[in-house]
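Asks: Mind looking at a prediction? Sequence and model below.
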Amino acid sequence: MTQVQLVKIIGQEIRQRLLVIVLLLACILSALAVVQMAHLNRQLTIQQDQNYQQRDQLDTEWRNLLLEQRALAEHSRVEEIARRQLNMQRPTGQYDITVTLP
């Protein structure tokens, strides 16, 4: 058997088995696609969990800031700062001025 005949026989066998080869390649490509999609799914799940944690942290910080804002805006605190830092005092009756409209 010469080399040319051997190549012809191999070529005939490949043509006969072409469907099997194509199906094998499709199966391999499909398996690789499944692996890739599973990897992407894991990455997105991890990112989603991180986003949920960040949302919870920001929500907690927001609530703390609201509590701090309410504490800083209390009337007694504002009055104390006005008295101590600005030397303001509550007016008494003799300093009351009544404005009448004509």
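Replies: Perfect, I can see it now.
Asks: Which secondary structure element is home to residue 11?
Replies: If you go by DSSP states H and E, residue 11 is part of helix 3-16.
Asks: contacts for that helix?
Replies: residue 21 (C-beta atoms under 8 Å, 6 or more residues apart in numbering). Where you see a C-beta, it was placed from the backbone N, CA and C, and this is true even at glycine.
Asks: Off-centre distance for that helix?
Replies: 58 Å (C-alpha atoms, centre = their mean, to the nearest Å).
Asks: in that helix, what's buried?
Replies: For helix 3-16, the neighbour count (16 or more other C-beta atoms under 10 Å) marks no residue as buried.
Asks: tilt between the helix or strand following that helix and helix 3-16?
Replies: Sequence order places helix 18-72 as the next helix or strand after helix 3-16, per DSSP H and E. Between helix 18-72 and helix 3-16, the angle comes out at 50 degrees (axes from the mean of the first three to the mean of the last three C-alpha atoms, to 10 degrees).
Asks: What mean pLDDT does helix 18-72 get?
Replies: For helix 18-72, mean pLDDT rounds to 95.
Asks: Counting by contacts, list what the following helix or strand past that helix packs against.
Replies: Downstream of helix 18-72, the first helix or strand assigned by DSSP H and E is helix 75-85. With contacts taken as 3 or more C-beta pairs under 8 Å, 6 or more residues apart in numbering; DSSP states H and E, helix 75-85 sits against no other helix or strand.
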